[in-house]
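Novice: Sequence first, predicted model second:
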Protein chains: 2
Amino acid sequence: MKDVASVAGVALKTVSRVVNGEPGVNPATAERVREAITRLGYSRNESARVLRRGRTSTVGLVIEDVADPFYSTLSRAVEDVAISRGCLLLSGSSSEEPARERELVLTFCARRVDGLIVVPAGEDHSFLRPELEAGTPAVFVDRPPGPGLDVDTVLCDNAGGARLATRHLLSHGHRRIAFLGDRPSIFTAARRLHGYRDTMGRLFDERLVSMRVPSPEGVRADLDRMLALDEPPTALFTGNGRLTVTALRALAGRPMALIGFDDFELADLLRPGVTVVAQDPFGMGRIAAELLFRRLSGESGPAEHLRLPVRIVPRGSGELPP
Amino acid sequence: MKDVASVAGVALKTVSRVVNGEPGVNPATAERVREAITRLGYSRNESARVLRRGRTSTVGLVIEDVADPFYSTLSRAVEDVAISRGCLLLSGSSSEEPARERELVLTFCARRVDGLIVVPAGEDHSFLRPELEAGTPAVFVDRPPGPGLDVDTVLCDNAGGARLATRHLLSHGHRRIAFLGDRPSIFTAARRLHGYRDTMGRLFDERLVSMRVPSPEGVRADLDRMLALDEPPTALFTGNGRLTVTALRALAGRPMALIGFDDFELADLLRPGVTVVAQDPFGMGRIAAELLFRRLSGESGPAEHLRLPVRIVPRGSGELPP
DNA sequence: GAACGTATAGACAACGTTGTCACACCATAT
DNA sequence: ATATGGTGTGACAACGTTGTCTATACGTTC
């Protein structure tokens, strides 16, 4: 900028004015400055600007894994909102590791992001408190923060979705319905188990429940164990998209009524089509981002806790008879 | 930092030394400083650090769409490499729009990213020249830059993969093989068409070629047109993952030999399983990122042009007889 | 006891912007 | 002729770091 100023024969401040489109510059002078800018290939140093102005126009996004379609869709929605507000996205995958989540969040804060959108992995987010008090707003998505942190959250109706799915299978005549979920420490897994258990009532049988890391071997073993029972399950409710796919592979064509939580591409092309409880990851990301930007534009008030509806999409697998 | 210094009763510089783990500070003093830091909840302002030191420890990634599994996988690989080098990722989706690509790249440069990884959408990247000359290294992935820009590229063997697929179908007795590709302006689409055409030789019939935006309606119309020919195709070669899925939906169960370029989740669960030419998006991202970091650590030399191999994964659909 | 080396600490400038204030100039009103 | 006001421009400080240079205190060596 200094160079531009000396080439154009004006003061630093005048160049600054031209670059920022501030009024009060003679059109002829402005033109001279613009010429100098293109001649030198100058581009403003945002770091210095940030330092001076205090706003980075950057939003931090922490998700579990960008490579997971659910989170990549959410990510895209957040990005679209951010771009429309002139912000860029600094993003990172926590890989479901609390330590990495913490590190990402703190690194983002050290870079003074204007706001944070977090899909939490850990259970303790006290490390965020100083940042929140310092005025960096945060929105939690898909899962709530650990105890003692009152912050905006955007969740889906996990228990309600599980009830829907379980009722759907019950209404098609199933009584032995198995549930395959992720580790119970994961909020969504616990809530979905809750909805399932709730709806099963006296039909609940803990031998038909598996909560574990969704590895092909583990899922296969658990399924085999259940199918070897005296009264084996006639239907399966899988607690997330990855588990649904893993279970489908483990079943290897053996017919079994199945409903999965989370929709996924090609669910309609399988035979039978896979009935799912669909959430809207794009909408979730968009709503979270919009909420964050409302906070950034100064909206105060108590933390909002949104719960987005889910819907059942019948495609065949959930309508199979026992 | 100033506050920390006054609380600890030391000079600014001493705090800086402690924060950066520089030697030459009395352990007792360092302890006092650390106490003040935790008491005040101080965290270093990276913007100021960046301004002073000139390095942002940030890499910019421009892809077509994070929500596309191919690019989200690539993105994750880049992120992993970046994190392992202590860098963060600033990422954006171009939506296949040259203007947005340009804007993203220039915004990243204004923020002084240390390096760029770009999946280009446009054909003209002259806007990058000043940045390259200013020393910001860039690696192009999946597609090469526009003419006149000699920069590192990591591509896959598009034409070779198309030849593999076409030969595979020919060897299974097909003579009427249709090709469904994206718009010919897209590099990968053009290269794949080339490989297909090449291998078809005298069997090539342009009525069996469709190059278009992968919309369900358009693909369906083109397929219907081909199937209504006197000598309709007995096999289909689809030019990318999205087209494969769109074509499978358009075929709606009508059996037809099919090979798709790009692997996708669940290809093995469809009946018949979908034979694909698989690239390795994770490997592509990793290699591109590693190349970028080699440049960042000062490696000079002529631009590298890597071409990663592809392999055919037979799953049934590509082995159907005519 | 003078000269020197080492460990620790601080003063100060600089990075590239932008906000505040002041100045010079000209046109118009008194 | 002098006051008033707007317009265009510039000087300067500040944002929060870090690199360079210097100062002090203390111990060691000749």
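Specialist: Great, that's in hand.
Novice: Enumerate the residues of the stretch 201-322 of chain A near chain B.
Specialist: A:245, A:248-249, A:264-266, A:268-271, A:282 (C-beta under 8 Å from any C-beta of the partner chain). All C-beta spots, glycine's among them, are computed from the backbone N, C-alpha and C.
Novice: now with 10 Å?
Specialist: Residues of the stretch 201-322 of chain A lying close to chain B by C-beta under 10 Å from any C-beta of the partner chain are A:241-242, A:245, A:248-249, A:251-253, A:264-271, A:274, A:281-282, A:285.
Novice: Name the SS class of A:Gly260, please.
Specialist: Following DSSP: H, G, I helix; E, B strand; the rest coil, the label given to A:Gly260 is strand.
Novice: Can you verify A:Val81 is assigned to a helix?
Specialist: Yes. Assessed by three-state DSSP, A:Val81 belongs to a helix.
Novice: Which secondary structure state does the residue nearest to it when sequence neighbours are not counted sit in?
Specialist: Closest residue in space to A:Val81, ignoring its immediate chain neighbours: A:Ala289 at 3.6 Å, by C-beta to C-beta, 6 or more residues apart in numbering or on different chains. Counting by three-state DSSP, the backbone at A:Ala289 sits in helix.
Novice: thought A:Leu227 was touching A:Arg207?
Specialist: No. Counting by C-beta atoms under 10 Å, A:Leu227 does not reach A:Arg207; the two are 11.4 Å apart.
Novice: Overlap of the contact sets of these two?
Specialist: A:178, A:233 (C-beta atoms under 10 Å, 6 or more residues apart in numbering or on different chains).
Novice: Which residues does the helix or strand bottoming out on mean pLDDT in chain A contact?
Specialist: Ranked by mean pLDDT, DSSP states H and E, the weakest helix or strand in chain A is helix A:129-133, scoring a mean of 89. Contact with helix A:129-133 is made by A:105-106, A:108-110, A:112-113, A:116, A:125, A:136-138, A:145, A:148-151, B:40-43, as judged by C-beta under 10 Å, 6+ apart.
Novice: Could you verify that A:Gly60 is part of a strand?
Specialist: Yes. Per three-state DSSP, A:Gly60 lies within a strand segment.
Novice: Okay, and the beta partners of it?
Specialist: A:Leu90, A:Leu116 (DSSP bridges).
Novice: In the stretch 201-322 of chain A, what residue comes closest to DNA strand D?
Specialist: Closest contact between the stretch 201-322 of chain A and DNA strand D, by C-beta to the nearest atom of the strand, is at A:Leu296 (18.9 Å).
Novice: and that residue, what does it touch?
Specialist: Counted by C-beta under 10 Å, 6+ apart, A:Leu296 has contacts A:55, A:59, A:85, A:87, A:114-115, A:136-137.
Novice: Let me see the domain layout of chain A.
Specialist: A:2-44, A:56-156+A:281-309, A:158-279+A:312-319 (automatic domain parsing).
Novice: Out of the ones you listed, which gets nearest to B:Pro309?
Specialist: domain A:56-156+A:281-309 (21.6 Å; C-beta to C-beta).
Novice: With A:Pro23 as the reference, measure out to the closest residue to chain B within the stretch 101-250 of chain A.
Specialist: Taking C-beta to the nearest C-beta as the measure, the stretch 101-250 of chain A has A:Pro130 as its residue closest to chain B, at 4.0 Å. As judged by C-beta to C-beta, to the nearest Å, A:Pro130 and A:Pro23 stand 40 Å apart.
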